[in-house]
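Student: Sequence and predicted structure below; questions after.
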Amino acid sequence: MRTARDWASYLILSMTAGIIFQVAYIRFVFLEPTYTALGLTGQEYGTVMAVFGAVAAVMYFFGGWFADRFSPRSLIVAALAGTGVADLYLTTTPGFTGVLVAHVVMAVTGMALYWSALVKAIGMLGDTSQQGRLFGFLEAVRGVTSTLIGGFGAVLVARAVVPSDGCWR
């Protein structure tokens, strides 16, 4: 990487990689509180997650096609905006169909638009001798960011959920 702008771009890209998937994968930390808050049963939320996983898997195949035809910057901005809109929509507790649609949108934006564009953008920031370091530090920054955001989210959810049970000490 050559300039401060390259380094700033790299840091921002790495951090967005740690943030974009947080809502879609919150079930790994708060399964029951999540489907309860969304007004769904465990079975309905399981269906949503199965559809999300299937759509996400298929979208990986389209990601390279998008990354080859559109600028990584445009794809990343569209993916972050689309994911943000879907996340905000989920706050309205839209019912089963709305939750399903929001998760399909997150699968498309995350895997078809974001992931391949991120890989391409990171690769463009350095020459062949730097690729290992670029992608290694990408994963490190992504992991730290994801842990910090996930921890912050866990504290928020715990403070919101536990007091309703009367068990917060």
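Tutor: Yep, it's here. Residues are numbered from 1 along each chain as shown.
Student: okay, CA-based contacts and neighbour counts for the rest of this
Tutor: Will do.
Student: burial of S14, as a residue count?
Tutor: 24 (other Cα atoms under 10 Å).
Student: Isn't it up against E139?
Tutor: Yes - taking Cα atoms under 8 Å as the definition, S14 is a contact partner of E139 at 7.4 Å.
Student: Tell me, how many residues neighbour F28?
Tutor: Neighbour number of F28 under other Cα under 10 Å is 9.
Student: OK, contacts around V105?
Tutor: G82, T83, A86 (Cα atoms under 8 Å, 6 or more residues apart in numbering).
Student: Could you look up the SS state of A24?
Tutor: coil (DSSP: H, G, I helix; E, B strand; the rest coil).
Student: Could you do G82 as well?
Tutor: Criterion first, three-state DSSP; result for G82: helix.
Student: In this model M106 seems to touch it, though I could be wrong.
Tutor: Yes - using Cα under 8 Å, G82 is in contact with M106, at 7.4 Å.
Student: Compare these two and say which is more crowded by neighbours.
Tutor: Shown here are G82 and M106; by other Cα under 10 Å, M106 has more neighbours (28 against 19).
Student: buried ones in the one helix or strand in the chain whose mean pLDDT sits lowest?
Tutor: For the chain, counting by mean pLDDT, DSSP states H and E, helix 131-165 ranks last in confidence among helices and strands (a mean of 83). Burial within helix 131-165, assessed by neighbour count using 16 or more other Cα atoms under 10 Å, is assigned to L134, L138, E139, V141, R142, G143, T145, S146, G150, G153.
Student: distance of D87 from G132?
Tutor: Distance of D87 to G132, computed by Cα to Cα, to the nearest Å: 33 Å.
Student: Now do the SS call for the most centrally placed residue in the chain.
Tutor: The centre of the chain sits closest to F21, judged by Cα atoms, centre = their mean, with a distance of 1.6 Å. Following three-state DSSP, the label given to F21 is coil.
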